[in-house]
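> no sequence on this one, just coordinates:
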């Protein structure tokens, strides 16, 4: 495995960082929503048995955006990294094919040179 394949592109790193920040925002939003719901429950304005569906929907409405964006941005970074690795592998395979072709040409030339030397030796 070459060093080129191990490198992570700067664009992928940027996407990973943004995804991490979005995930941290998701966790903070869960904390804020939980704190708000607990305050409502403690004050008696909301009862969990009567409005459990509203509580769940409140969690989903406030946190799903951050979680979804985090997953999407992370996926974009991952796809960029995969495409870069495939491009590097394709470039390396093309370089290897060119090298093999050059070696084959050199072998053919050396074989022709050897035959020419043999003919000279035999003609003497």
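The structure has been received and is ready for your questions. Given the structure is predicted, the values throughout are model-derived calculations rather than measurements.

> Show me what the top helix by length along the chain is packed against.
Counting residues, the longest helix found in the chain (DSSP state H) is helix 52-123. Contacts defined by 3 or more C-beta pairs under 8 Å, 6 or more residues apart in numbering; DSSP states H and E place helix 52-123 against helix 3-6, helix 10-43. All C-beta spots, glycine's among them, are computed from the backbone N, C-alpha and C.

> Lowest average confidence across the ones you listed, which one?
With a mean of 53, helix 3-6 has the lowest mean pLDDT of the helices and strands packed on helix 52-123.

> Quickly compare the helices and strands packed on helix 52-123 and say which is most buried.
For the helices and strands packed on helix 52-123, average neighbour numbers computed from mean count of other C-beta atoms under 10 Å are highest in helix 10-43, which has a mean of 14.

> got a list of what residue 7 touches?
Neighbouring residues of residue 7 by C-beta atoms under 8 Å, 6 or more residues apart in numbering: there are none.

> for residue 48, that is, sorry about that
41, 55.

> and the gap between the most centrally placed residue in the chain and residue 21?
Centroid-nearest residue in the chain: residue 78, 1.9 Å away (criterion: C-alpha atoms, centre = their mean). As judged by C-beta to C-beta, to the nearest Å, residue 78 and residue 21 stand 17 Å apart.

> I appreciate the help and will end here.
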